[in-house]
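Asker: Would you be able to build a 3D model of this:
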Amino acid sequence: MSRKRFDNFNCSIAKSLNQVGDWWTLLIVREAFFGVSSFSGFQKNLGIAKNILTDRLDKLVADEVFEKDICADDSRRYEYALTDKGRALFPVLVALMQWGDKWSGGEPPVNLRDKKTGKKIQKLKVMSKDGAPLKMDDVTVSPGSGADMSIHTRLKPK
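Answerer: This next block holds a predicted model:
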């Protein structure tokens, strides 16, 4: 079953989901954050079928989330590394992890700690330009520079 694409949506979330929105992709990226770089490492840790993993890694390389290089130890194998674009997903994964820790029940399976201090990282917060924490009700939405007419119409002040 093929999943819906959001190519015609004028929405940054929809465009992001086109690249990283299927079930396995963010788990593959998570494994890369945890230090995995080999196909066999991703496959072992995730228990994902090889054909699905191949498809996802190829797509992530094509979308420039990963780069693929020949393994220094074995020229028949490849290593995968996150690009700057891929590393920019770090706060997305942290937000999903923290949300899951709070709302999925049970204790957190993983703790994220500052390498320098060993202390747990703080919860992510949406902040104002002045550094004050903001909640959803504190934020308003307005058309951005890439907005099409439908966005302008939907977000027109009432």
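Asker: what packs against the worst-scoring helix or strand of the chain on mean pLDDT?
Answerer: Considering only helices and strands, the least confidently modelled element of the chain by mean pLDDT, DSSP states H and E is helix 12-20, at a mean of 84. Contacting helix 12-20 under the criterion 3 or more CB pairs under 8 Å, 6 or more residues apart in numbering; DSSP states H and E are the following elements: helix 25-33. For glycine as for every other residue, the C-beta is placed from the backbone atoms N, C-alpha and C.
Asker: in the helix it packs on, what counts as buried?
Answerer: Within helix 25-33, the residues that qualify as buried are Thr25, Leu27, Ile28, Val29, Arg30, Glu31, Ala32, counting by 16 or more other CB atoms under 10 Å.
Asker: and that helix, C-alpha only, in PDB?
Answerer: Output for helix 25-33, consisting of C-alpha atoms alone and laid out as PDB, is shown next (Å, rounded to 0.1, in the frame of the first residue of the first chain):
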ATOM      1  CA  THR A  25      12.500   6.600   8.700                       C
ATOM      2  CA  LEU A  26      12.800   8.400  12.000                       C
ATOM      3  CA  LEU A  27      13.700   5.200  13.700                       C
ATOM      4  CA  ILE A  28      16.600   4.800  11.200                       C
ATOM      5  CA  VAL A  29      17.600   8.400  11.900                       C
ATOM      6  CA  ARG A  30      17.400   7.700  15.700                       C
ATOM      7  CA  GLU A  31      19.700   4.700  15.300                       C
ATOM      8  CA  ALA A  32      22.200   7.000  13.400                       C
ATOM      9  CA  PHE A  33      22.100   9.400  16.400                       C
END
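Asker: quick one: the very next helix or strand once past that helix to helix 25-33, angle?
Answerer: Toward the C-terminus, helix 25-33 is succeeded by helix 39-46 as the next helix or strand (DSSP states H and E). When axes from the mean of the first three to the mean of the last three CA atoms, to 10 degrees is applied, the directions of helix 39-46 and helix 25-33 differ by 110 degrees.
Asker: which regions of this structure sit below the pLDDT cut-off?
Answerer: Applying pLDDT under 70 to the chain flags the ranges 1-4, 158.
Asker: So which residue is dead centre in it?
Answerer: Centroid-nearest residue in the chain: Leu89, 4.2 Å away (criterion: CA atoms, centre = their mean).
Asker: State the distance from that one to Ala49.
Answerer: Separation of Leu89 from Ala49 (CB to CB, to the nearest Å): 23 Å.
Asker: Also Lys59?
Answerer: Counting by CB to CB - Lys59 and Ala49 are separated by 15 Å.
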